[in-house]
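Q: how would this look folded up:
(chains A and B)
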Amino acid sequence: MISIKNLQASVEDKEILKGIDLEVKAGEVHAIMGPNGSGKSTLASVLAGREDYDVTGGSVTFQNENLLELSPEERAQKGIFLAFQYPVEIPGVSTTNFLKTALNQVREARGEKALDAVNFLKLMKEKMKLVDIDQALLSRSLNEGFSGGEKKRNEIFQMAMLEPKLSILDETDSGLDIDALKIVADGVNKLKSDQTATIVVTHYQRLLDYIVPDYVHVLYKGRIVKSGDKSLALELEEKGYDWIKEEVAAV
Amino acid sequence: MSTDDQILEEFTSKEYEHGWSVDFEADEAPLGINEDIIRFISAKKEEPQWLLDWRLKAFNQWKKMTEPNWANVNYPKVDYQAIRYYSAPKQDKKPKSLDEVDPELLKTFERLGISLQEQKRLTGVAVDAVIDSVSVATTFKEKLSELGVIFSSFSEAVQEHPELVKKYLGSVVPANDNYFAALNSAVFSDGSFCYIPKGVRCPMELSTYFRINAANTGQFERTLIVAEDESYVSYLEGCTAPQRDENQLHAAVVEIYAAKNAEVKYSTVQNWYPGDKNGKGGIYNFVTKRGICAGDNSKISWTQVETGSAVTWKYPSCILKGDNSVGEFYSVAVTNNFQQADTGTKMVHIGKNTRSRIVSKGISAGKSQNSYRGQVEVMKRADGARNFSQCDSLLMGDKCGAHTFPYIDIKNKSAQIEHEATTSKIGEDQIFYCQQRGIDEESAVALIVNGFAKEVMNKLPMEFAVEAQKLLALTLEGSVG
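A: Reported below is the predicted structural model:
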């Protein structure tokens, strides 16, 4: 699905990613863990095409296409979805209106016909059940005055609506209590299939109790320094990140 | 350069869509202004003596006045002798019905997206179309007249209802009110007249389209709306002009009179040519709009979407004379490139328990300057007057400006006045968020801006709201940040 080779990126001339290699296949869930400032969110942003980041080297191939040449909206249209750590507020624009615009632009880009109001609403009802989201929330201005949990749930709802191939969850667990975390994780699990892949970016292990990864990678100082299966996450939970730092320093 | 600026630079300006002109044979006055020109206009329109005298008086007052310069706008001095004050598309004879109107003219309106025929058939919106200076066709006249509603060109009203025109003309905006109102009073050539008799709720939206076509021509239209006791009318005004290198002057006057329990809703979508990307050409839009809530419990509501003009200078106002009367002002003003807008309102509370509400949304992009200027005045005997003002500004990029000049003048201690103001910038974050969901940059901006302006857009009649939304997006194409 996505193949990242020696990816290097910097922001304002400061090098953040120093050569990332990662291969994610359809049906897989990869967790990217690491201490604060290791470059986790940068990786998510670079994949989504955020313009603040300059890619200085390496390549990213997404479904046999050079991802780095595409605009952010083209990436989205081709099936990359980023669940934001800090979802943005857009006053005066309801989630419904926002999603209708988004979905129809995505459909247009895929050569599909725009959904009319009736079919859009039908789809919305169906997906609302999936993430247990209240319709009243969707008619309010996008993310404006939403609680932390509502914002994250709304991200997953958008993901359900847009049916991406690759979902990147950037610190989706931050600011969530355990109940909200379960609901969000439950939504993500329901959306998983052997046709789609998920990259979960997180600082803590607890989200991975609910979204179980096939692979866990530890990002430190802009490099993946350790990879393993889900037991690696448990080990990190128990021991913290210091032993990894020491290992890296010893090399 | 920050990403914000880059996004801003990336957008390429879309040309003004209505920038074409049509060559009709025109019946014109020579350039310049003097008493003879005024006599010429008055004679052309076969006006009664009292109206000619009124014009001449206004002209003599205008000559003594000086052009005001307090607005936050800059433009080269207007040469009033280089303007043509009367230009009419030549018609062989006066049209009796739409079928007799010059087909070229009707085609012009079709290009503007207003097919009179279409409007007549489908929407039930009565339209009066004014091109250059002359009203061309008024639809639905008969149907309206069954109810006693008069909706006609100003010239026709002068001929057919001189007593009404004489009674109300200048009653809200006196001829010597200000420099541009005086000029208009002297040379106005046409406009719309609307009279709603007592107890009648006008069943359809009344609509006027103004278009300047001929070169070097000023447009000085005059609109007069009179709503008698217990009546209601919703009135729409739309404007476009062709693209020309030289600036053209538009100095209109709108007067609204609302009697007891009457309600008038006046909506404008102003899309005069704003000049090109480098600030060349465009319309100077110096307009006086004022309504008086003369009777108790009356209400006047102004809604405007201002996207065009090189320079806009306009303050639709309400004089709240009747007790419990209500004045409202909802405005979206968008400026891009080198446009300048100084717009707002004036609410004068005279009667008891009068209320006013001001919602102004300014959007500035490019190198434009956008100012809100509003005055709330509460007179001595206006017990229990209330005002709420909200002025929000949205900036795109860092080369434009947003300014707010609220004036508050309170002479009665019981008044309650609230003023809220915010300034925000379209964030790169917001645009990226939209893009990440598959929405391209331009649509993202349109979405964000329409969200910002929603409260005002919701006040527009439906058929206008759609047009206004598209206009907002169009005006900002070539601008974001």
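
Q: Right, and chain B sits closest to which residue of chain A?
A: Taking Cβ to the nearest Cβ as the measure, chain A has A:G92 as its residue closest to chain B, at 3.0 Å. For the C-beta atoms, the positions are set from N, CA and C on the backbone; glycine is no exception.

Q: Now that residue: closest residue in space that isn't a chain neighbour?
A: B:G451 (3.0 Å; Cβ to Cβ, 6 or more residues apart in numbering or on different chains).

Q: can you map out the strands along the stretch 101-250 of chain B?
A: Residue ranges of the strands in the stretch 101-250 of chain B, as given by DSSP state E, counting those that start in this stretch, are B:126-131, B:134-138, B:150-153, B:190-196, B:206-211, B:221-227, B:232-240, B:247-250.

Q: what residue ranges in chain A score low on pLDDT?
A: A:251 (pLDDT under 70).

Q: switch to 90 and redo it
A: A:12-13, A:35-37, A:51-52, A:117, A:129-135, A:147-149, A:172-184, A:187, A:203-207, A:233-251 (pLDDT under 90).

Q: Let's verify B:K361: helix, strand, or coil?
A: Here B:K361 is strand, with the state taken from DSSP: H, G, I helix; E, B strand; the rest coil.

Q: which other residues reach the helix or strand that contains B:N387?
A: Assessed by DSSP states H and E, B:N387 sits inside strand B:386-395. Residues outside strand B:386-395 that contact it (Cβ atoms under 8 Å, 6 or more residues apart in numbering or on different chains) are B:347, B:349, B:353-365, B:370, B:372, B:374, B:376, B:378, B:402, B:404, B:406, B:415-426, B:449, B:452.

Q: filter the residues you listed to the buried ones?
A: Among the contacts of strand B:386-395, those classed as buried by 16 or more other Cβ atoms under 10 Å in any protein chain shown are B:347, B:349, B:353-365, B:370, B:372, B:374, B:376, B:378, B:402, B:404, B:406, B:415, B:417, B:426, B:449, B:452.

Q: contacts with chain A among these, please.
A: B:F452 (Cβ under 8 Å from any Cβ of the partner chain).

Q: Contact partners for the residue of chain B found nearest chain A?
A: Closest contact between chain B and chain A, by Cβ to the nearest Cβ, is at B:G451 (3.0 Å). Contacts for B:G451 (Cβ under 8 Å, 6+ apart) come out as A:90-93, A:141.

Q: redo that, cut-off 7 Å
A: Listed by Cβ atoms under 7 Å, 6 or more residues apart in numbering or on different chains, the contact partners of B:G451 are A:90-93.

Q: Pipe the residues you listed into CSV and attach secondary structure and distance to B:N184 per row.
A: Below are the contacts of B:G451 laid out as CSV (DSSP: H, G, I helix; E, B strand; the rest coil; distance: Cβ to Cβ, whole Å):
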residue, secondary structure, distance to B:N184
A:I90, strand, 42
A:P91, strand, 39
A:G92, strand, 36
A:V93, strand, 40
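
Q: Compare those residues and tell me which is most surrounded.
A: Ranked by neighbour count (other Cβ atoms under 10 Å in any protein chain shown), the contacts of B:G451 have A:I90 at the top, with 25 neighbours.

Q: which residue packs closest to it, ignoring adjacent ones?
A: A:L142 (4.4 Å).

Q: Please enumerate the helices of chain B.
A: Per DSSP state H, chain B carries helices over the ranges B:3-10, B:35-44, B:49-64, B:103-111, B:116-118, B:141-146, B:154-160, B:162-168, B:179-187, B:428-436, B:441-452, B:454-457, B:462-476.

Q: any idea which of these is most buried?
A: helix B:179-187 (a mean of 26; mean count of other Cβ atoms under 10 Å in any protein chain shown).

Q: for it, what is the average pLDDT?
A: Throughout helix B:179-187, pLDDT has a mean value of 93.

Q: For it, C-alpha coordinates in CSV please.
A: Extracted in CSV, the C-alpha atoms of helix B:179-187 (Å, rounded to 0.1, in the frame of the first residue of the first chain):
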residue,chain,number,x,y,z
TYR,B,179,-22.3,66.1,-1.6
PHE,B,180,-23.2,62.9,-3.5
ALA,B,181,-26.9,63.0,-2.6
ALA,B,182,-27.0,66.6,-3.8
LEU,B,183,-25.4,65.6,-7.1
ASN,B,184,-27.8,62.7,-7.4
SER,B,185,-30.8,65.0,-6.7
ALA,B,186,-29.7,67.3,-9.5
VAL,B,187,-29.0,64.7,-12.2
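
Q: For the residue nearest to A:G92, give its distance to A:T172.
A: 25 Å (Cβ to Cβ, to the nearest Å).
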